[in-house]
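[1] okay, structure incoming, though there's no sequence with it:
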Ligand SMILES: [Zn+2]
Ligand SMILES: [Zn+2]
């Protein structure tokens with residue numbers, strides 16, 4: 001079974017002590033490719049350097065809505081530079097987060113629109129973070145993302161939200177919430193998404209699935225997300241894995257997974 005974790009923050013310090021073991025466990029769980037996502041200039045730069053080192057790690061560069069006040073013209077031109085790396089497969093994460101109030105809505109909107117324009121210029125998909133702001137997020141995507149190409153990550157909306165996003169041309173990404181939400185809203189929404197529009201992620205080190213709540217999350221646990229989504233959709237997990245992996249490759253334009261000699265060499269030389 002082959003899985004793609006479409007949203008990881010592997011540059012996070014919490015992975016520093018056992019980075020190779022984390023990658024090894026991911027591979028053992030069936031994870032063949034990962035998209036390492038930036039949330040500011042520093043983490044975007046680190047995502048590119050990881051992607052340059054490991055052929056199965058791909059980079060996304062962006063400024064998170066909670067960091068939107070950092071998206072000053074200087075930072076945006078750095079992001080523009082970073083986005084030209086051939087290891088970059090998406091712009092993001094970017095979007096609107098009205099749950100936290102680290103940046104005002106006006107500042108968040110401006111940073112989001114600037115990144116939607118950058119994605120359009122580069123012909124790249126966008127990785128969209130939207131929290132307590134779904135309707136406005138979809139309005140901005142409609143207006144400022146003429147390619148209609150990207151994914152709503154950590155999707156936590158309703159059937160109506162999902163169908164509106166899919167109608168716009170977007171993909172829906174399921175994360176750990178699906179393993180612990182008690183009410184049916186998210187389950188019903190994920191069950192309603194067309195099979196060719198669904199991808200999966202961990203958002204690690206955040207959002208550890210049920211059974212691991214409060215722990216550092218890691219890419220191997222995307223398998224738990226896959227199991228939960230398969231159950232909701234009433235299909236075998238193998239089928240869900242094959243479909244979401246094909247979808248992730250189409251969404252991000254990924255080539256088929258390189259074999260991982262690079263990782264194996266490192267594992268044997270640096271951890272043994
Ligand atoms: Zn996010
Ligand atoms: Zn994230």
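    Sure thing, it's come through. Predicted model, so just to flag it, every value in this text is computed and none were measured. Ligands and ions are numbered 1, 2, ... in the order given.
[2] tell me where this protein has strands.
    Along the chain, counting by DSSP state E, strands occupy 3-8, 31-37, 57-61, 88-97, 126-131, 150-152, 171-174, 198-200.
[3] near ligand 1, which residues of this protein are found?
    Neighbours of ligand 1 within the chain, by C-beta under 5 Å from the ion: 93, 129. The C-beta positions use only the backbone N, C-alpha and C, and glycine is treated the same way.
[4] pick out the residue of the chain closest to ligand 1.
    Here the chain gets closest to ligand 1 at one residue, residue 129, 3.5 Å apart by C-beta to the ion.
[5] who's in contact with the closest residue in space to that residue that isn't next to it in sequence?
    Leaving aside its sequence neighbours, residue 129 sits nearest to residue 95 (C-beta to C-beta, 6 or more residues apart in numbering; 3.9 Å). The contact partners of residue 95, taken as C-beta atoms under 8 Å, 6 or more residues apart in numbering, are 64-65, 108, 112, 128-130, 133, 137.
[6] contact partners of stretch 238-246?
    Contact with stretch 238-246 is made by 1-4, 30, 32, 195-196, 198-200, 226, 229-230, 233, as judged by C-beta under 8 Å, 6+ apart.
[7] might one say that residue 76 is in contact with residue 118?
    Yes - applying C-beta atoms under 8 Å, one finds residue 76 in contact with residue 118, separated by 7.5 Å.
[8] want to try TSV for the contacts of residue 95, with distance to residue 101 as columns?
    Putting these into TSV (distance: C-beta to C-beta, whole Å) gives the following:
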residue	distance to residue 101
64	14
65	10
108	10
112	16
128	19
129	15
130	15
133	12
137	16
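[9] dump the strands of the chain to JSON lines, plus mean pLDDT and distance to residue 249.
    Shown next, in JSON lines, are these (pLDDT from 0 to 100; distance: least, C-beta to C-beta, whole Å):
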{"stretch": "strand 3-8", "mean pLDDT": "98", "distance to residue 249": "7"}
{"stretch": "strand 31-37", "mean pLDDT": "97", "distance to residue 249": "8"}
{"stretch": "strand 57-61", "mean pLDDT": "97", "distance to residue 249": "10"}
{"stretch": "strand 88-97", "mean pLDDT": "97", "distance to residue 249": "10"}
{"stretch": "strand 126-131", "mean pLDDT": "97", "distance to residue 249": "15"}
{"stretch": "strand 150-152", "mean pLDDT": "98", "distance to residue 249": "13"}
{"stretch": "strand 171-174", "mean pLDDT": "98", "distance to residue 249": "12"}
{"stretch": "strand 198-200", "mean pLDDT": "98", "distance to residue 249": "10"}
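[10] make CSV out of these and add distance to residue 50.
    What follows is these, written out as CSV (distance: least, C-beta to C-beta, whole Å):
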stretch, distance to residue 50
strand 3-8, 10
strand 31-37, 5
strand 57-61, 5
strand 88-97, 12
strand 126-131, 16
strand 150-152, 20
strand 171-174, 20
strand 198-200, 20
